[in-house]
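Trainee: mind folding the following:
(2 chains)
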Amino acid sequence: MKNRKVATILNRIADLLEMDGVDFRTKAYRRAAHTVEFLSRDIQDVRNEGKLEELPGIGKNLSKKIEEIIDTGSLEYYENLKKEFPVDFEALVAIEGLGPKSIKLLYDELGIKNLEDLEKAAKRHRIRRLKGMGDKKEHQIIENLKFARKTTGRTLLGQILPLAEGIKKELEKSDVSDVEIAGSIRRMQETVGDIDILVVTDKPKQVMDYFTSMDEVGKIIVKGLLKSTIRLKNGVQVDIRVFNEDSFGSALLYFTGSKETNIDMRKIAIRNGLKLNEYGVYMDEKQIAGKTEEEVFRKLGMQYIEPELRENRGEIEAALKGKLPKLVEYNEIMGDLQIHTKWSDGDASIQDMAQKTGKLGYEYIAVTDHTGSLKIAGGMDENGIKRQIKEIDKLNQNLDEIIVLKGVEVNIDSEGRLDVSNELLENMDIVVAALHSGFRQSREKLTGRIVSAMENEHVNIIAHPTGRKIHYRMAYELDLEKIFEVSKETGTFLEVNSQPNRLDLKDINIKRAIEEGCKLVINTDAHNLDQLSYMKLGTSTARRGWAESKDIINTLPLKKLEKLLS
DNA sequence: GCCGTTTTCGGCCCGACTGTTTTCAGTCG
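Mentor: Down below sits the predicted model:
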């Protein structure tokens, strides 16, 4: 998968061009980088088919450059640009208040190339003497330097969601008639850079004062009547925008993004002789829509696009043609098919997990504790599995709100073998299989291990298929196209694992899997009672992958699911 | 550098806030 590498180089070129004051060509590189980064296929395959130019934003010139990157691993044009501007752009631009123009000025006038140079120059008061700079700006740079070095970057959605909801609750106590969480959180992106909040009020002064003086506020970065930005004590940035009721829909649309989707929607407005901004849809000077998002989409001649789809990955074209999928709904999930208990590495008893899930409105769960070879996770031996089966049978006689299915999460060893005998697997309602080690094997070997597990007639589900852990380890090398093909052939379901740092398969792979005709299952992989609520994260990931309920097997009622499993 | 429901040339989203400015450039989202 060279997609990441190609996208990174294209983005770096855009950075350097931006520094040089190049305008629209910069945008072209960024657009192409976006296309490549979120392509659900291997860019190398597209290149081999000679179809690079069919991708949005990629023409003759860029397709040649991409070919050069794929073939040689580098790009002469990029190398030359780097020589011209030998600055650590990425580090410098991470400083709040520094953009391409300032970085160019600092390099041209003071030879500043990196954070160390910047710090020295600022402390010697050499920056305040530059044109357009001043002592405030210099001070700001010194302040923000400290922070930029400590910053950890993006936060997991699962971590930031409760924080954002807390701030929303807090703001509801102020003079507002409405508060909504927008931005990438509303789009349910797997990681989030900041919290965006939109409020409706006719007392903006009071609300902004309230917002900037909340207990959690560490630093006020910007404060105005219509927009403010703060940094919480824990380092997370929060942006707030104030609107009135008549603009609520267009404001929510704008503030939810993504930026790329916003830009394309504004272009559609222009094409229709209209103007779209955060205050509404305008014909000449007159607002003709804006109160609700639905109204805005309608005026632009499009279907309503769910927030999770707003990533400029083809949803705008589909909405214009009326061909958007009908996404799986959060309340359509009927059960959870990967749950751990005290029998292996979970914290709760089977009964506790069952009772909690019964309250969530599910019809069924599957208890899928680890098996023998996974000693570290307290894996059960075959006798343990047999005893657990008996316990579940007994429990089911006393539970009326939910059915507990008998499952295991078997380990796929380094040669693709399972660690539980087929005789025993035959007795299980559901068998989940996964890799837990040997991630550094070759692509062929890793793919082969999963394929042989899928070819076992007892295996129903491949759990966390790519093994990635966000911020911790990359997905292992896999031929996903092959996995999808065998998944479809054998009727093995691919998991969308809901753990906040897994979300695996991820959105673009889900989309591809569905296109290939695979069926998926959304599981929490919960190890305690609280983690059962992660289902929301897995479902949002599936929605971001354009999944409909027909693609997700645990939207089925028990009877139909059992038929499918058999 | 890309693209086309007025275009193969001439466009390319739009607005708020800050700091350094006497009217605007740069940054940010």
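
Trainee: what comes up buried for the longest strand anywhere in chain A?
Mentor: The single longest strand within chain A, with elements called by DSSP state E, is strand A:403-412. Of the residues in strand A:403-412, A:403-412 count as buried by neighbour count, 16 or more other Cβ atoms under 10 Å. In short, each C-beta sits where N, CA and C put it, glycine included.

Trainee: run the chain-centre distance for it.
Mentor: Taking Cα atoms, centre = their mean, to the nearest Å, one finds strand A:403-412 lying 28 Å from the centre of the chain it belongs to.

Trainee: give me the mean pLDDT for the helix or strand following that strand.
Mentor: Moving toward the C-terminus from strand A:403-412, the first helix or strand encountered (DSSP states H and E) is helix A:422-425. Average pLDDT, helix A:422-425: 94.

Trainee: do the same with stretch A:444-459
Mentor: Confidence over stretch A:444-459, taken as the mean pLDDT, stands at 96.

Trainee: only alpha carbons, please: show it as CSV.
Mentor: The C-alpha atoms that make up stretch A:444-459 are tabulated as CSV, following Å, rounded to 0.1, in the frame of the first residue of the first chain:
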residue,chain,number,x,y,z
GLU,A,444,1.5,-13.6,1.5
LYS,A,445,1.9,-15.5,4.8
LEU,A,446,-0.4,-13.3,6.8
THR,A,447,-3.0,-13.3,4.1
GLY,A,448,-2.7,-17.1,3.9
ARG,A,449,-3.2,-17.5,7.6
ILE,A,450,-6.5,-15.6,7.5
VAL,A,451,-7.6,-17.4,4.3
SER,A,452,-7.0,-20.8,5.8
ALA,A,453,-9.1,-19.8,8.9
MET,A,454,-11.9,-18.6,6.6
GLU,A,455,-11.8,-21.9,4.8
ASN,A,456,-12.5,-23.8,8.0
GLU,A,457,-16.2,-24.5,7.8
HIS,A,458,-16.7,-23.8,11.5
VAL,A,459,-15.3,-20.3,11.4
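
Trainee: tell me the buried residues in it?
Mentor: In stretch A:444-459, residues buried by neighbour count (16+ other Cβ under 10 Å) are A:446-454, A:456, A:458-459.

Trainee: shouldn't residue A:420 be in contact with residue A:372?
Mentor: Yes - the criterion here is Cβ atoms under 8 Å, and residue A:420 meets it with residue A:372 at 7.0 Å.

Trainee: mutual contacts of the two, please.
Mentor: Taking Cβ atoms under 8 Å, 6 or more residues apart in numbering as the contact criterion, the common neighbours of residue A:420 and residue A:372 are residue A:382.

Trainee: which helices and strands sit right next to the helix or strand bottoming out on mean pLDDT in chain A?
Mentor: Ranked by mean pLDDT, DSSP states H and E, the helix or strand of chain A with the weakest confidence is helix A:135-150, at a mean of 83. Under the contact definition 3 or more Cβ pairs under 8 Å, 6 or more residues apart in numbering; DSSP states H and E, helix A:135-150 sits against helix A:115-123.

Trainee: 10 Å - rerun?
Mentor: helix A:89-93, helix A:100-110, helix A:115-123, strand A:217-223 (3 or more Cβ pairs under 10 Å, 6 or more residues apart in numbering; DSSP states H and E).

Trainee: next SSE after it?
Mentor: Using DSSP H and E, the next helix or strand after helix A:135-150 towards the C-terminus is strand A:155-156.

Trainee: quick one: strands adjacent to that next one?
Mentor: The strands that strand A:155-156 pairs with in its sheet are strand A:191-192 (antiparallel) (by DSSP bridges).

Trainee: which SSE is immediately downstream of the partner strand?
Mentor: Moving toward the C-terminus from strand A:191-192, the first helix or strand encountered (DSSP H and E) is strand A:194-200.

Trainee: what about that following strand, average pLDDT?
Mentor: Looking at strand A:194-200 alone, the average pLDDT works out to 95.

Trainee: let me know whether that strand sits next to DNA strand B.
Mentor: Yes - using Cβ under 7 Å from any atom of the strand, strand A:194-200 comes into contact with DNA strand B via A:194, A:196.

Trainee: where are the low-confidence patches of the stretch 301-450 of chain A?
Mentor: Scanning the stretch 301-450 of chain A with the threshold set as pLDDT under 70 gives A:374-376.

Trainee: give me the most central residue, chain A.
Mentor: Using Cα atoms, centre = their mean, the residue of chain A that lies closest to the mean C-alpha position is residue A:190, 2.7 Å off.

Trainee: out of the helices and strands packed on helix A:135-150, the one nearest DNA strand B is which?
Mentor: helix A:100-110 (3.0 Å; Cβ to the nearest atom of the strand).

Trainee: any buried residues in the closest one, and which?
Mentor: When neighbours are counted by 16+ other Cβ under 10 Å, the buried residues of helix A:100-110 are found to be A:100, A:102-107, A:110.
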